[in-house]
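K.L.:
fold the following for me, if possible:
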Amino acid sequence: MQKDAFNIPEGLPKKINSAKSFLVVLPQNLNIDKVAAGLALFLTLEKAKKRVKIGCSSQMTVEYNRLFGIDKITSNIGSRNLTISLPEEAVEKVSSQAGGGWLNLVIKPKNGAAPIEQKDIKYSYSGTDAEMIFTVGAQKLEDLGEIYQQETQVFEKAEAVNIDVNPANSKFASHNFIFPQQVSLSQLTSKFIKKLNLAVGQDIATNIIAGIESVTNNLQVNTNADTFEMLAWAMRQGGKQGHLKTSPVQPTTSPPFAKPQPAQPTAPSPFAPAPVQAPAQTGQPQQTQAQPAQTPPSVSQPGLPPAENQQPESKKEKKSPTPAPDWFKPKVFSGGRRKS
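P.N.:
Next up, the predicted model:
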């Protein structure tokens, strides 16, 4: 892909800067890349002090729980209109009365029906006042599921920005950023954020890296020059690699196939000093006196002489035989035989 192929329309940055409320919507068919890219965009708008919500019709599963901002994804994006629901078979008429700064709803039950209790009344919210909507990874509006069905009017009125890497995208929005050359949505979203000069923090950058790693199998497949360029950019923003990986098990010091040996009881040494017992606690401080070193007791066995009389053969004195009578007489030696 050429360097200048990714362009932002001149009027869009101004609209994003002036808008106050945003909505980021994910499709029902999810993967780590889509969720990571959507959360990165959501957190970026939130960091820019915008009022923003992120929604998805599908429930989040455990594989996404390490992505930053995952708890902000909701299936109910509407909060503008309050809806009060009553049991239809018990209501005869509903009227309103204004007075004292309050609008009172008067509910008249049907003849013979029991009065409506508070537990029979349900409250819910619908509708959103989003000025701009970002869809991330949706090929068509129907991919958004119940969120689109419940908020059809909002999608018709708000200015929508469609971000996707699938060439089969129907280009349903006012602004369509469809770039199949980008190997992942996280890579494309990071270029979009960078082009708009939006602030990025460590959590946002880490989500982007996690999305890129999930698609490229930790940068082993489906990479291009833009992949490493955006990865380097995210790392400069403080992003961390390998965030979704679990901590490795610490290796043990024993060989993997070694059989455990039972602990052998250790016999007390006869020369080991006796344990020192703590003095009893009294009102007066105790003084510790140095004890003289004790000689280890001798060990004797039945039928043997005392230990002190037992000495190793090497240390016993060997008695010499009686010398010959001429031993002390002088002797003369010559070159030949000895003469006495």
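K.L.:
when you work out contacts or count neighbours from here on, use the C-alpha atoms and nothing else.
P.N.:
Noted.
K.L.:
show me the shaky parts of the stretch 201-340 of the chain.
P.N.:
Along the stretch 201-340 of the chain, the model assigns pLDDT under 70 to residues 246-340.
K.L.:
again with the stretch 1-150 of the chain
P.N.:
For the stretch 1-150 of the chain, applying pLDDT under 70 flags the ranges 1-5, 78-82, 123-128.
K.L.:
which residue ranges form the helices in it?
P.N.:
Ranges of helices within the stretch 1-150 of the chain are 11-18, 32-47, 146-150, based on DSSP state H, counting those that start in this stretch.
K.L.:
element containing residue 227?
P.N.:
Assigned by DSSP states H and E, residue 227 falls within helix 225-236.
K.L.:
counting contacts, what elements does that helix pack onto?
P.N.:
If you count contacts as 3 or more CA pairs under 8 Å, 6 or more residues apart in numbering; DSSP states H and E, helix 225-236 packs onto helix 185-195, helix 202-216.
K.L.:
most tightly packed of these?
P.N.:
Across the helices and strands packed on helix 225-236, averaging neighbours per residue (mean count of other CA atoms under 10 Å) puts helix 202-216 on top, at a mean of 25.
K.L.:
okay, it in CSV with CA atoms only?
P.N.:
The C-alpha atoms that make up helix 202-216 are tabulated as CSV, following Å, rounded to 0.1, in the frame of the first residue of the first chain:
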residue,chain,number,x,y,z
GLN,A,202,-0.4,3.2,27.7
ASP,A,203,-3.7,1.2,28.0
ILE,A,204,-4.8,2.3,24.5
ALA,A,205,-1.5,1.4,22.9
THR,A,206,-1.5,-2.0,24.7
ASN,A,207,-4.9,-2.8,23.3
ILE,A,208,-3.7,-1.9,19.8
ILE,A,209,-0.7,-4.2,20.2
ALA,A,210,-2.8,-7.0,21.5
GLY,A,211,-5.1,-6.8,18.5
ILE,A,212,-2.2,-6.8,16.0
GLU,A,213,-0.6,-9.8,17.8
SER,A,214,-3.9,-11.8,17.7
VAL,A,215,-4.2,-11.5,13.9
THR,A,216,-0.5,-12.0,13.1
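K.L.:
rewinding a little: quick check: buried residues in the helix holding residue 227?
P.N.:
Residues of helix 225-236 classed as buried: 226-227, 230-231, 233-235 (neighbour count, 16 or more other CA atoms under 10 Å).
K.L.:
same check on stretch 142-149?
P.N.:
143-148.
K.L.:
equivalent analysis for stretch 102-118, please.
P.N.:
Of the residues in stretch 102-118, those buried (16+ other CA under 10 Å) are 107, 109.
K.L.:
which residues are contacting it?
P.N.:
Residues outside stretch 102-118 that contact it (CA atoms under 8 Å, 6 or more residues apart in numbering): 89-98.
K.L.:
so who does residue 207 touch?
P.N.:
Residue 207 touches 36-37, 39-40, 67-68, 239, counting by CA under 8 Å, 6+ apart.
K.L.:
kindly reformat the helices and strands packed on helix 225-236 as a markdown table containing distance to residue 111.
P.N.:
Output for the helices and strands packed on helix 225-236, formatted as a markdown table (distance: least, CA to CA, whole Å):
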| stretch | distance to residue 111 |
| --- | --- |
| helix 185-195 | 60 |
| helix 202-216 | 60 |
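K.L.:
those: which one's closest to residue 32?
P.N.:
Closest to residue 32 of those is helix 202-216 (CA to CA; 6.0 Å).
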